[in-house]
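# Build me a structure from this.
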Amino acid sequence: MDSKSTIQELKDRAKKFCDERDWEQYHNAKDLAIGIVTEAAELLDHFRFRSKEEVEALMNTVDKKKEVTEELADTLYFVLRIAQRYEIDLSDAFSKKMLKNEEKYPVEKAKGSNKKYTEY
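This next block holds a predicted model:
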């Protein structure tokens with residue numbers, strides 16, 4: 001469905017979900033950011049202390065991949081919600097950030113390296 005959904009549609013769905021539950025009062029920037037971090041930590045927990053091989057096996061297991069997918073979706077929900085709530089255009093922000101990243105990580109320096117741009 002990724003190819004059939006827009007970010008705006010996802011933001012609208014998150015807003016409708018919250019409106020139906022009267023959750024606007026709980027969704028300030030701080031609490032939504034906490035939600036992002038909390039859900040991202042739950043996602044990370046699936047991979048913590050696992051080798052590359054164990055992670056690959058996990059991602060090839062239907063039940064475990066479903067759990068990871070749900071945590072990823074929970075994280076996305078909070079990203080979409082904060083963007084919707086504070087009128088952040090995620091497509092524009094992503095494009096602009098990728099341009100900055102392209103400058104920080106030029107192919108000739110970054111290709112095949114996991115160094116931070118400050119280490120070049």
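
# can you map out the helices along this protein?
For the chain, applying DSSP state H gives helices covering 7-21, 29-45, 52-59, 62-85, 90-104, 107-110.

# so which of those is the most packed in?
Ranked by mean neighbour count, these are led by helix 62-85 with a mean of 16 (mean count of other Cβ atoms under 10 Å). Yep, even glycine has a C-beta here, placed from its N, CA and C like the rest.

# right, so of the helices of the chain, which gets closest to residue 1?
Taking Cβ to Cβ, helix 7-21 is the member of those nearest to residue 1, at 10.0 Å.

# roughly how far is that closest one from the heart of the chain?
Mean-position distance between helix 7-21 and its chain equals 17 Å (Cα atoms, centre = their mean, to the nearest Å).

# Quick one: work out the angle between it and helix 62-85.
Per axes from the mean of the first three to the mean of the last three Cα atoms, to 10 degrees, the angle that helix 7-21 makes with helix 62-85 is 90 degrees.

# ok, and what's touching helix 7-21?
With contact meaning Cβ atoms under 8 Å, 6 or more residues apart in numbering, helix 7-21 is reached by 24, 27, 76, 77, 80, 81, 83, 84, 85, 90, 91.

# just the CA coordinates of that helix, formatted as CSV?
In CSV, the C-alpha atoms belonging to helix 7-21 read as follows (Å, rounded to 0.1, in the frame of the first residue of the first chain):
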residue,chain,number,x,y,z
ILE,A,7,1.8,11.1,3.7
GLN,A,8,-1.2,13.5,3.9
GLU,A,9,-3.6,10.5,3.9
LEU,A,10,-1.7,8.9,6.7
LYS,A,11,-1.6,12.2,8.7
ASP,A,12,-5.3,12.6,8.2
ARG,A,13,-6.0,9.0,9.4
ALA,A,14,-3.9,9.6,12.5
LYS,A,15,-5.8,12.9,13.2
LYS,A,16,-9.2,11.2,12.8
PHE,A,17,-8.1,8.4,15.1
CYS,A,18,-7.1,11.0,17.8
ASP,A,19,-10.2,13.2,17.2
GLU,A,20,-12.5,10.3,17.7
ARG,A,21,-10.8,9.6,21.1
